[in-house]
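**Q** From the sequence below, what's the structure:
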Amino acid sequence: MTIQSDNEAVDPADDVPAVAPQLRALRKRSNMTLERAAQRVGLSPAHLSRLETGQRTPSLPMLLALARTYGTTVSDLLGEVPPERDPIVRADRMEPQ
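**A** Below is the predicted model of the structure:
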């Protein structure tokens, strides 16, 4: 699906990081064959292969199932990095400067 915005075509899939290489790497790291991983997730081996090569984009439920199968999180699959937190310093614990 492409969304038109100010004479500029925007594809929502462009905002999603490429998970294909990550999926293949996690499967291999888990020492699973394509057939075994597909069976555990409930996909056909052909469909999982298409996901791993980037020919198909996984749905959120599919990403969740894959993350659970590979022992990781959807956030990790998507390469999300938690934002740096501003440290909270209580007034009574502040060091004089």
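**Q** Now the helix or strand containing Ser75: buried residues?
**A** Following DSSP states H and E, one finds Ser75 within helix 74-77. By 16 or more other C-beta atoms under 10 Å, the buried positions in helix 74-77 come out as 74, 77. C-beta coordinates here come from the backbone N, C-alpha and C atoms, glycine included.
**Q** Could I get the average pLDDT for that helix?
**A** Averaging pLDDT along helix 74-77 gives 89.
**Q** Tell me how far it lies from the chain's centre.
**A** How far helix 74-77 lies from its chain's middle: 4 Å, per C-alpha atoms, centre = their mean, to the nearest Å.
**Q** go on, stretch 88-97?
**A** 39 Å.
**Q** Leu26 and Val41: what is the separation?
**A** Distance, Leu26 to Val41, using C-beta to C-beta, to the nearest Å: 12 Å.
**Q** Identify the contacts common to these two.
**A** Common contact partners of Leu26 and Val41 (C-beta atoms under 8 Å, 6 or more residues apart in numbering): Leu66.
**Q** Could you measure from the closest residue to Leu48 other than its chain neighbours over to Gln22?
**A** Excluding the flanking residues, the one nearest Leu48 by C-beta to C-beta, 6 or more residues apart in numbering is Ala38, at 4.2 Å. Noted for Ala38: a distance of 17 Å to Gln22, by C-beta to C-beta.
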